[in-house]
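Asks: model the structure of this input:
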Amino acid sequence: MLKLGLLVTAAALAGAAPGGGKAPLLSPADIDPALVLPPPPVAGSAQARAELAELHAVEKVRTAAEEADARLDGDTKNATVFAGVLGPRFDLAKLPATSALLALVRESEKATVDRGKDEFKRQRPYIVDTTLKSCKRNDDPLSSYPSGHTSMAFSMGETLARLVPEKAAPLLARAARYGQSRIVCGQHFRSDVSAGQMLGLLIAERLMAKPEFQTAFAAARAELVGAGVAAR
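Replies: So this is what the prediction gives:
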């Protein structure tokens, strides 16, 4: 009965997906990017020049296959990027409690990252240097810091690592590769990705302190064990 009750609760939480009208679980008082992240490198500084040089160096040696993989990661901004680690049983269409939990992560992660982007207003690499052959150029030009893709990957990756601890290392390694794809594609500077990683991990940590999140987490854990995705 307890498991059923948790699953019902999680199903109700599924309505909390982005756009559902419910406030994120983390407020600005819970996590303020301006207080937990260092400012990005000053434009034209030695570090900023080094980060731009790295993007040119990566662009010069990236293969067509690496670029294609990075583009695919950029177009896949959800937890399905971890399916290769968790296996074919990790099918979110058949895991409503897990899907509901990850929707809660996404809500708070996006709201937090958006506050950071608004605070720092760093120019995208392809605005700083128009010769870069970035994969896409359709983002807000002042949205480089922190990397939202990287924050998503690490907030969800860390949550999944706690749900499936026996696969924590490969899950977080996958999040790191996902973040690196932003460098390969010339979408972000190195410090953007580092800030996204830091923020994503903090978001997951602070969500775990929220009772509503803990309830959804317990339901997802039971579901993943029952589906054979996680060990008992």
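
Asks: give me the low-pLDDT residue ranges for the protein?
Replies: 1-21 (pLDDT under 70).

Asks: for the longest helix that it contains, packing partners?
Replies: In the chain, taking DSSP state H as the definition, the longest helix is helix 96-120. Under the contact definition 3 or more CB pairs under 8 Å, 6 or more residues apart in numbering; DSSP states H and E, helix 96-120 sits against helix 2-13, helix 33-36, helix 148-163, helix 190-207, helix 211-227. C-beta: built from backbone N, CA, C; applies to glycine.

Asks: measure the residue nearest to residue 148 when sequence neighbours are not counted to residue 176 for me?
Replies: Spatial nearest neighbour of residue 148, chain neighbours left out: residue 113 (4.5 Å); criterion: CB to CB, 6 or more residues apart in numbering. As judged by CB to CB, to the nearest Å, residue 113 and residue 176 stand 18 Å apart.

Asks: who has more neighbours, these two?
Replies: Shown here are residue 113 and residue 176; by other CB atoms under 10 Å, residue 113 has more neighbours (26 against 16).

Asks: distance of the more buried one from residue 131?
Replies: Counting by CB to CB, the gap from residue 113 to residue 131 is 28 Å.

Asks: what count of nearby residues applies to residue 111?
Replies: Residue 111 has 18 nearby residues by other CB under 10 Å.

Asks: for it, give me its contacts.
Replies: If a contact means CB atoms under 8 Å, 6 or more residues apart in numbering, then residue 111 has 24, 26 as its contacts.

Asks: same check, this time on residue 180
Replies: Residue 180 neighbours (CB under 8 Å, 6+ apart): residue 193.

Asks: what helix or strand is it located in?
Replies: Element membership for residue 180, per DSSP states H and E: helix 168-184.

Asks: so what's the gap between that helix and the chain middle?
Replies: 10 Å (CA atoms, centre = their mean, to the nearest Å).
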